[in-house]
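# What follows is a predicted protein model with its sequence.
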6 protein chains.
Amino acid sequence: MLTEFDTTLPSIRQVQNLIKQTTPVELKLLTGDVLTGKVLWQDPQCISIADENSQYTVWKHAIAYIKPKTT
Amino acid sequence: MLTEFDTTLPSIRQVQNLIKQTTPVELKLLTGDVLTGKVLWQDPQCISIADENSQYTVWKHAIAYIKPKTT
Amino acid sequence: MLTEFDTTLPSIRQVQNLIKQTTPVELKLLTGDVLTGKVLWQDPQCISIADENSQYTVWKHAIAYIKPKTT
Amino acid sequence: MLTEFDTTLPSIRQVQNLIKQTTPVELKLLTGDVLTGKVLWQDPQCISIADENSQYTVWKHAIAYIKPKTT
Amino acid sequence: MLTEFDTTLPSIRQVQNLIKQTTPVELKLLTGDVLTGKVLWQDPQCISIADENSQYTVWKHAIAYIKPKTT
Amino acid sequence: MLTEFDTTLPSIRQVQNLIKQTTPVELKLLTGDVLTGKVLWQDPQCISIADENSQYTVWKHAIAYIKPKTT
């Protein structure tokens, strides 16, 4: 799908900050899954997140929300 | 996705009002989750909502509805 | 998302009629929820519906169907 | 959403035929609901279907499939 | 929704081949349903599939995957 | 739907790499299904994945995430 990727948008910048600061995050998916890990990159279609074992490339259309991991 | 963000639209203005008035809201997601808190910002893609513990960046495509929190 | 809002379309006009006639409606959501109330307004993104207690702003992408409330 | 409504497309024409022939149909929704009735009209966004009791305006994005009712 | 229908795309051509070869297929839907039958036609919005009893017009947005039927 | 297929995007290139390297992957779908196999091709609409028994053509709109198979 044609995707907006205006890097001045708050939502795009926030994910960029999570990448730079290597903040542990929770990613809730529309499937009900919660992925935890660090965000590696985003592009207009996907967000990549890695934990110790795996690297997930998650389609944005499948994401409900992202939040810093509660400690 | 290319997103309409015409700030004269009632739905965009209503969320702007919820932000200004720091109204506690309920956000029902397509996952069935209900997030409660105050809306911090919106952009064409996302709405950010915070409670005492966490800040959620929620993709609009995952939102079913928003309503002022029933007291 | 870029949204069509051609007020000559039957589906747009029908919702406008429900607003004018303050017809009680049922709104079935993709979450399985059924909201009942009167339609207050629509714009290209959302439909707002109110019952005695609450006002819901519902994203159209989350709506399965609307129907006049069966009495 | 911007919607294609090219009346030469087979899927659009088929629904038009169902309307003209007042064929009883089953409409399976992404919610799992199955609506049965006759198709009254379609526009780029919605399909309207009626049974003896109710008239449903169904958003196309919520439809899984349409089929002539099995007798 | 505006739909790409570039007949040189592998996914479009593959469905065209399934039509020509009248290959029995399984169509898994986002509802969890699995439809089995032969593909009759596709257009930018829909894929039509028929078994002995019924002809289903399935919206592409509701399809998870298509595969040749395992024998 | 009009689909971005910019082969310089990280998400597109990553899938291309999975194809070239014939990496076993897991594909989680919005239906909750997990398909495992090797990626054969992608186009703007679909990703094709094969295991020993079957070849699945999966619509991207139905994909939650892709990850290298954990061994």
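Thanks, I have the structure now.

# And the contacts of stretch A:33-45?
Identification of contacts with stretch A:33-45 by C-beta atoms under 8 Å, 6 or more residues apart in numbering or on different chains yields A:1, A:3-5, A:12, A:15-16, A:18-19, A:22-29, A:47-51, A:55-56, A:58-60, A:66, A:69, F:4, F:9-12, F:28, F:64-65. Every C-beta, even on glycine, is put in place using the N, C-alpha and C of the backbone.

# try 7 Å this time
A:3, A:5, A:15, A:18-19, A:22, A:24-29, A:47-51, A:55-56, A:58-60, A:69, F:4, F:9-11 (C-beta atoms under 7 Å, 6 or more residues apart in numbering or on different chains).

# check the residues you listed against chain C, which are close?
The subset of those within reach of chain C, by C-beta under 7 Å from any C-beta of the partner chain, is empty.

# Okay, now the sheet partners of the longest strand along chain A, with direction.
For chain A, the longest strand by residue count, based on DSSP state E, is strand A:34-42. Strand pairing for strand A:34-42, using DSSP bridges, gives strand A:24-29 (antiparallel), strand A:46-50 (antiparallel).

# any weak-confidence spans in chain A?
The model of chain A has pLDDT under 70 over residues A:1-4, A:71.

# Would you point out which residue is most central in it?
Nearest to the mean C-alpha position of chain A, by C-alpha atoms, centre = their mean, lies A:Ile47 at 4.5 Å.

# Comparing the strands paired with strand A:34-42, which comes out most buried?
strand A:46-50 (a mean of 23; mean count of other C-beta atoms under 10 Å in any protein chain shown).

# Centre of the chain to stretch A:23-40, how far?
7 Å (C-alpha atoms, centre = their mean, to the nearest Å).

# Looks like A:Ile49 contacts A:Leu29 (just checking).
No - with contact defined as C-beta atoms under 7 Å, A:Ile49 and A:Leu29 do not form a contacting pair (10.6 Å).

# Quickly list what's touching both of these two.
By C-beta under 7 Å, 6+ apart, the residues touching both A:Ile49 and A:Leu29 are A:Leu35, A:Val58.

# how many other residues sit next to A:Pro44?
Neighbour count for A:Pro44, taken as other C-beta atoms under 10 Å in any protein chain shown: 18.

# Please tell me how far A:Leu29 sits from A:Val58.
Using C-beta to C-beta, to the nearest Å, one obtains 7 Å as the distance from A:Leu29 to A:Val58.

# joint contacts of these two?
Joint contacts of A:Leu29 and A:Val58 (C-beta under 7 Å, 6+ apart) are A:Leu35, F:Ala64.

# still on that earlier bit, tell me what the residue nearest to the centre of chain A is bridged to.
What pairs with A:Ile47, by the bridge criterion (DSSP bridges), is A:Gln42, A:Val58.

# who touches it in this structure?
The neighbourhood of A:Ile47, defined by C-beta under 7 Å, 6+ apart, consists of A:Val15, A:Val39, A:Val58, A:Lys60, A:Ile63.

# and if we set it to 8 Å?
A:Val15, A:Leu27, A:Val39, A:Trp41, A:Thr57, A:Val58, A:Lys60, A:Ile63, A:Ile66.

# Buried subset of those as a PyMOL selection?
Isolation of the buried members of the contacts of A:Ile47 (16 or more other C-beta atoms under 10 Å in any protein chain shown) is achieved in PyMOL through the command below:
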select buried, chain A and resi 15+27+39+57+58+60+63+66
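
# can I get the contacts of A:Ile47 in JSON lines with distance to C:Asp33?
What follows is the contacts of A:Ile47, written out as JSON lines (distance: C-beta to C-beta, whole Å):
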{"residue": "A:Val15", "distance to C:Asp33": "29"}
{"residue": "A:Leu27", "distance to C:Asp33": "24"}
{"residue": "A:Val39", "distance to C:Asp33": "31"}
{"residue": "A:Trp41", "distance to C:Asp33": "36"}
{"residue": "A:Thr57", "distance to C:Asp33": "31"}
{"residue": "A:Val58", "distance to C:Asp33": "26"}
{"residue": "A:Lys60", "distance to C:Asp33": "24"}
{"residue": "A:Ile63", "distance to C:Asp33": "21"}
{"residue": "A:Ile66", "distance to C:Asp33": "24"}
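
# Pick the one among the contacts of A:Ile47 closest to chain D.
Closest approach to chain D among those (C-beta to the nearest C-beta): A:Lys60, at 16.5 Å.

# got the phi/psi numbers for that closest one?
Per-residue torsions, A:Lys60: phi -60, psi -30 (degrees, to the nearest 10).

# where's it relative to A:Ser11, distance?
A:Lys60 is 10 Å from A:Ser11, by C-beta to C-beta.

# got it, and A:Gly32?
Taking C-beta to C-beta, one finds A:Gly32 at 22 Å from A:Ser11.

# Pick out whichever of these two has more residues nearby.
More crowded of A:Gly32 and A:Ser11, by other C-beta under 10 Å: A:Ser11, with 24 against 12.

# if I've got this straight, that one is in a helix?
Yes - assessed with DSSP: H, G, I helix; E, B strand; the rest coil, A:Ser11 lies in a helix.

# what's near enough to touch the residue nearest to it when sequence neighbours are not counted?
Spatial nearest neighbour of A:Ser11, excluding adjacent residues (C-beta to C-beta, 6 or more residues apart in numbering or on different chains): B:Cys46 at 3.8 Å. Taking C-beta under 8 Å, 6+ apart as the contact definition, B:Cys46 lies against A:Pro10, A:Ser11, B:Thr57, B:Val58, B:Trp59, B:Lys60.

# what about 10 Å?
Shown in contact with B:Cys46 (C-beta atoms under 10 Å, 6 or more residues apart in numbering or on different chains): A:9-12, A:14-15, A:63, A:65-66, B:3, B:56-63.

# Name the residues contacting each of A:Lys60 and A:Ser11.
With C-beta under 10 Å, 6+ apart, A:Lys60 and A:Ser11 have common neighbours A:Gln42, B:Gln45, B:Trp59.

# What is the burial count for the first one?
Same thing as A:Gln42. The local packing of A:Gln42 (other C-beta under 10 Å) involves 21 other residues.

# Kindly report the same for the last one.
By the criterion of other C-beta under 10 Å, B:Trp59 has 22 neighbours.
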